[in-house]
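Q: here is the input, now give the coordinates:
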Amino acid sequence: MLRVPGKKPTDIPLLQSAPPKPEEIVILNQRLLKAVISMSSLLAGMDANWAVGGDAGEIIMGVNVDADRLEVITTSGGCEEIAKRLSKHQKIAPSLTDRRLARDAELSEGSLPVHVRSRYAEFEIEGVKVEVYGELQIRVGDWDWGDPLEFVPDFSYVVGQKVPVVPLRLKSELDLGLGWLDRVQKISDAALRRRHKHLGKFLVPLEDSNWG
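A: Below is the predicted model:
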């Protein structure tokens, strides 16, 4: 989890949202849709836990964002297991990687760089880049590294394929800790749409345990 000096975990506020309009219904584009289905089929029955994260994971859960790749969050061992299963699609072999995110944290202390560290591997499925992060940790500025992300995935059906997804509540907690309130708002909007059962025709929620 993200480590914020001097702050204790608090309940994440759900911001006020308006009912969704037809143009706000969120679906995966065709390229990502095919890649998710293919990847999920290849990873079915894995021993290690894994889940689709990043922007694509949020889209699957109804968040109105754009995505051009798939990001998978797993354990260190899961990264190796995925590399074996997706060996024909591998572009970068698993290795320990530290990289800076394109967006800085927006905190009272000012803008601070955000780094992620993980066992990283990269693949290409159906022409889509797939980034795999094993035992992902986050660091803001010169603070200590946070604990590796651990969570119980949520699940959605994508054209009949059961897909594990990083829970929206966890994403909201991380975004709030980084000061990305615009992203928190988008997740709040998605939570409302899920309650109204207004998801795209390709996405049917299986369960929503984190939002009640």
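Q: give me the low-pLDDT residue ranges for this structure?
A: Scanning the chain with the threshold set as pLDDT under 70 gives 1-26, 196-212.
Q: let me see the ranges of the strands in it.
A: 50-53, 70-74, 90-100, 105-107, 110-112, 114-125, 128-140, 154-158, 161-165, 203-205 (DSSP state E).
Q: so which of these is nearest residue 181?
A: Smallest distance to residue 181 across these (C-beta to C-beta): 8.0 Å, for strand 105-107. Any C-beta I mention is one placed from the backbone N, CA and C, and that applies to glycine too.
Q: just want the most central residue of this protein.
A: Nearest to the mean C-alpha position of the chain, by C-alpha atoms, centre = their mean, lies residue 53 at 1.9 Å.
Q: for residue 126, see how far away that residue is.
A: 18 Å (C-beta to C-beta, to the nearest Å).
Q: over to residue 139?
A: On the measure of C-beta to C-beta, residue 139 and residue 126 end up 33 Å apart.
Q: if I read this right, residue 178 contacts residue 113, doesn't it?
A: No - using C-beta atoms under 8 Å, residue 178 and residue 113 do not qualify as a contacting pair, with a distance of 11.0 Å.
Q: common neighbours of these two, please.
A: Common neighbours of residue 178 and residue 113, using C-beta atoms under 8 Å, 6 or more residues apart in numbering, are 105, 140.
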